[in-house]
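# build the 3D model from these lines:
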Amino acid sequence: MLILDHTLRDLVFYSVGIIINMSLHPEVQPYLLQIEVVTKLIDVLKDANLEDMELAKVAAKALHNLQGIENKNKFWSEADVARLDEITLTLGGELDSIMVRAKRLILKDVATEEEMDTIQGLRSLLNALVNDMPELTKDCPIGNCGRKFKNQQELESHLERRHGQKK
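The predicted model follows:
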């Protein structure tokens with residue numbers, strides 16, 4: 001997936017479009033996730049930011065498609081989920097700020113209707129990303145316990161409380 005690191009914007013844009021098309025096929029999705037496409041797409045989303053909202057939109061769409069696969073927690077790393085969460089929070093806040101100022105007519109000469117449609121479209125994609133983000137869990141390693149926890153601290157508490165294991 002070196003092509004997603006390329007400096008030619010159009011090459012990256014069309015490559016992400018190909019990934020979107022490939023991600024619609026369930027038999028291809030796990031392969032895309034195994035070759036670190038998620039990490040590269042997160043980089044594209046971050047780099048595009050508000051400066052290239054069309055590229056940010058296609059990166060967000062590709063990421064959203066890759067969130068819809070079975071057993072997604074098996075493929076999404078904790079670091080990727082944390083980075084995506086941070087980027088969607090920052091970028092979403094910037095988009096919200098623009099929309100609020102536009103509603104107050106502060107940006108009436110800055111953002112055209114078409115630009116506002118692009119801003120709202122990107123915001124909708126970011127909302128979908130956040131809503132469908134993988135929830136990585138820590139599984140209890142004890143036999144048939146089957147409990148899952150949001151973080152290591154909750155798992156350790158459980159192990160001590162339920163299974164008598166100290167840290």
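
# L11 versus A79, what's the distance?
Using C-beta to C-beta, to the nearest Å, A79 is found at 26 Å from L11. Yep, even glycine has a C-beta here, placed from its N, CA and C like the rest.

# typed the wrong thing, it's L95
In terms of C-beta to C-beta, L95 sits 26 Å off from L11.

# who has more neighbours out of the two?
More crowded of L95 and L11, by other C-beta atoms under 10 Å: L95, with 21 against 12.

# what score does the more buried one have for pLDDT?
Looking at L95, its pLDDT is 93.

# that one contacts S124, correct?
No: if you go by C-beta atoms under 8 Å, L95 and S124 don't touch, sitting 9.8 Å apart.

# residue nearest the centroid of this structure?
Closest residue to the average C-alpha location of the chain: L84 at 4.4 Å, with C-alpha atoms, centre = their mean.

# find the nearest non-adjacent residue to that one, please.
I42 (5.4 Å; C-beta to C-beta, 6 or more residues apart in numbering).

# run through who's touching the host helix or strand of the one you found.
I42 belongs to helix 37-48 when assigned by DSSP states H and E. Outside helix 37-48, the residues that touch it by C-beta atoms under 8 Å, 6 or more residues apart in numbering are 1, 4-5, 12, 16, 19, 55-56, 59-60, 62-63, 66, 75-77, 80, 83-84, 87, 91.

# what ranges do the strands span in the protein?
Assigned by DSSP state E, the strands in the chain fall at 138-139, 148-149.

# buried set for the lengthiest helix in the chain?
In the chain, with assignment by DSSP state H, the single longest helix is helix 78-103. Within helix 78-103, the residues that count as buried by 16 or more other C-beta atoms under 10 Å are 80-81, 83-84, 87-88, 91-92, 95, 98-99, 102.

# how near is the residue nearest to the centre of the chain to L41?
Noted for L84: a distance of 9 Å to L41, by C-beta to C-beta.
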